[in-house]
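Student: sequence isn't available, so here's the structure alone:
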DNA sequence: ACGGCCTCCTGACGGC
DNA sequence: TGCCGTCAGGAGGCCG
């Protein structure tokens, strides 16, 4: 489900609703996520006041009085803020409870059918091994064509796989990899080490532009992504190639092609991309 | 070090 | 109707 724009949409929705509130506990119905939910989660967060919500790649970091909650939505995860929560369904695995100034509490409910998501507590310094080797943020200053060019020398992987590697750049998933390569005019199957310096300049700009535009749209809802308030993202209507196999390229009118690279569906235009 | 495949899990969909 | 294979927005781990 969520790539960087969707996680950022969640972060932006979440931060103003929970910042300043105090955790009162947690209900864990299903601890078996990608890694086990800490058994003492509720006890560890109880009484901690939320200072803010950050994002690193596709990870959310909820900072609260020196404790840091790490949340990843995996492929099918959702986070909702609820004031009067309905009875949990079978995939509502964790509820994080927060107090309310007027007595009305809030619930942060984690829902994840495939359970590839993650809820962990960080080390006292607020770090975690899962975050240690993530590449630069694509919206940050360290990410540019120069960086991609240098990082890619000698690599024979397809450039699409290269930009989807979180150690290379954080947060670019299957949708936005195809979209950014289309915008940059680069074929996804090209070996990363054979893409020129100027073309990496185009690609870095395309990645940044695509992600920023998707964030402005509240993310992409393909089937089930919703923000914390329950709203769908509307970047789907802006998609140029992803999910459009056989449909006409919006630029040149030829049929969008689909192939599999590294077990992932990949979409491109064979006229616009070389 | 690198690259490619597998894995975790559930659900939806198409074909027979 | 059901059963089976395939695919789905992630990403760490393992193997050669």
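Tutor: Nice, I can see it. None of the values given here were measured: they were computed from a predicted structure.

Student: retrieve the pLDDT associated with the residue of the stretch 151-274 of chain A found nearest DNA strand C.
Tutor: In the stretch 151-274 of chain A, the residue found nearest to DNA strand C is residue A:173; the distance is 2.1 Å by CB to the nearest atom of the strand. Any C-beta I mention is one placed from the backbone N, CA and C, and that applies to glycine too. Residue A:173 is assigned a predicted lDDT (pLDDT) of 97.

Student: ok, now which ones touch the residue lying closest to it once chain neighbours are set aside?
Tutor: Taking CB to CB, 6 or more residues apart in numbering, and ignoring the residues beside it in sequence, residue A:173 has residue A:3 as its nearest neighbour in space, at 3.6 Å. Residues in contact with residue A:3 (CB atoms under 8 Å, 6 or more residues apart in numbering) are A:58, A:171-176, A:220.

Student: gap between residue A:3 and DNA strand C?
Tutor: 4 Å (CB to the nearest atom of the strand, to the nearest Å).

Student: returning to what we had before: what is the neighbour count of the residue of the stretch 151-274 of chain A closest to DNA strand C?
Tutor: The burial metric for residue A:173, expressed as a neighbour count using other CB atoms under 10 Å, is 22.

Student: confidence score at residue A:126?
Tutor: Residue A:126 carries a pLDDT value of 88.

Student: please apply the same query to the one 5 residues further on.
Tutor: Each residue has a pLDDT score; the one for residue A:131 is 96.

Student: that one reaches residue A:59, doesn't it?
Tutor: Yes. With contact taken as CB atoms under 8 Å, residue A:131 and residue A:59 are classed as touching, separated by 6.4 Å.
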